[in-house]
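1. Okay, predicted coordinates and the sequence, questions at the end:
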Amino acid sequence: MSHTIVWRSIFIAFLTISLILLAGWAHAGKLSDQLIQAAEFGEIDKIKSLLDQGVPVNARDHDGWTALMKAAYEGHQRLVAELIARGADVDVQENAGWTTLMMAAQFGYSDIMNQLLKRGAQVNTQNNTGATAVMFAALNGHQSALQDLHAAGGDINIVDHRGRSALMFAAATGYDVLVQKLISLGAEVNTIDNDNNTALILAAKMGHEAVVSILLAHCADAQVADSNGKTASKWAVEKQYSKIFQLLVTAAPCD
């Protein structure tokens, strides 16, 4: 047999093996996509079948999402429990740095959050913008979720890359009950962000009278001016929030 024929045979064999491997990888990829899609729609029986076939429980899609993330985002509590029992990584971060715990906190899914926390989910992980699960709970007004996160070691005074804390998010969105709760848990009232905003300035700017009242009662500094040179009272005048302005100019000084 000539050398040409030998090398041709070797090449054909190599090509055949490569095609078989590529076909296998493509098939595995399709099954992984099916797993993540099934998690989105809460198809627990399909999930079990795919996992039994050997599809990796921590497979990711092009955005870095796992089946556990999809299940938690959609609020599929039983499916979350199944995936965790099958070894799903509770601390993996998708491409933007979000964890499954952040996704659950965003919607106030306390049952799912507690499953993740019991599995050891890291409560103070920050995403690509520096936000934490505590911040997402505060931003969306989920008091029960916030309390659970704090009890699990959630730091309510962490700031994101803009310098904003959970209290500032709650104040800006007008969640007065949550603002009161955060302060009772030890939130720093006079944190200043990268634009020199405080929780008081943000609340006054957005017209949240009840929040302004609570913050002033807890010694919020009304003299701080933001990067535009405007104090909370100046924002109240500009926005024509007369009641907020009166609160600010008549507030008793704090010791």
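-> Perfect, I can see it now. Residues are numbered from 1 along each chain as shown.
2. Helices of the stretch 51-200 of the chain, residue ranges please.
-> Along the stretch 51-200 of the chain, counting by DSSP state H, counting those that start in this stretch, helices occupy 67-73, 77-85, 100-107, 110-118, 133-139, 143-151, 166-173, 176-184, 199-206.
3. right, so of those, which gets closest to residue 94?
-> helix 67-73 (6.3 Å; CB to CB). C-beta coordinates here come from the backbone N, C-alpha and C atoms, glycine included.
4. Format the CA atom coordinates belonging to the closest one as PDB.
-> Extracted in PDB, the C-alpha atoms of helix 67-73 (Å, rounded to 0.1, in the frame of the first residue of the first chain):
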ATOM      1  CA  ALA A  67     -31.700  26.300  34.400                       C
ATOM      2  CA  LEU A  68     -31.700  27.200  38.100                       C
ATOM      3  CA  MET A  69     -31.700  30.900  37.200                       C
ATOM      4  CA  LYS A  70     -34.600  30.500  34.800                       C
ATOM      5  CA  ALA A  71     -36.600  28.500  37.300                       C
ATOM      6  CA  ALA A  72     -36.000  31.100  40.100                       C
ATOM      7  CA  TYR A  73     -36.700  34.100  37.800                       C
END
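5. list the helices and strands it packs on?
-> helix 3-40, helix 77-85, helix 100-107 (3 or more CB pairs under 8 Å, 6 or more residues apart in numbering; DSSP states H and E).
6. what's the spacing between the second one and its chain's center?
-> With CA atoms, centre = their mean, to the nearest Å as the basis, helix 77-85 stands 19 Å off its chain's centre.
7. The last one too?
-> A distance of 5 Å separates the centroid of the chain from that of helix 100-107, by CA atoms, centre = their mean.
8. hmm, who's touching it?
-> If you take CB atoms under 8 Å, 6 or more residues apart in numbering as the criterion, helix 100-107 is touched by 66, 68-69, 72-73, 75, 90, 92, 112-113, 116-117, 121-123, 125, 127, 131-134, 136-137, 139-140, 142, 145, 149.
9. Which among the helices of the stretch 51-200 of the chain is found nearest to residue 213?
-> helix 176-184 (8.1 Å).
10. Give me the helices and strands touching the closest one, please.
-> helix 143-151, helix 166-173, helix 209-217.
11. Minimum distance to residue 199: which of these has it?
-> So among the helices and strands packed on helix 176-184, helix 166-173 is nearest, using CB to CB, at 3.9 Å.
12. Only alpha carbons, please: show that closest one as PDB.
-> Below are the C-alpha coordinates for helix 166-173, written out as PDB (Å, rounded to 0.1, in the frame of the first residue of the first chain):
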ATOM      1  CA  ALA A 166     -30.300  50.000  49.600                       C
ATOM      2  CA  LEU A 167     -31.700  52.900  51.600                       C
ATOM      3  CA  MET A 168     -31.200  55.200  48.700                       C
ATOM      4  CA  PHE A 169     -32.900  52.900  46.300                       C
ATOM      5  CA  ALA A 170     -35.900  52.500  48.700                       C
ATOM      6  CA  ALA A 171     -36.000  56.300  49.300                       C
ATOM      7  CA  ALA A 172     -35.900  57.100  45.600                       C
ATOM      8  CA  THR A 173     -38.800  54.800  44.800                       C
END
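13. quick revisit: just the buried ones from the contacts of helix 100-107?
-> With burial judged by 16 or more other CB atoms under 10 Å, the buried subset of the contacts of helix 100-107 is 66, 68-69, 72-73, 75, 90, 92, 112-113, 116-117, 121-123, 125, 127, 131-134, 136-137, 139-140, 142, 145, 149.
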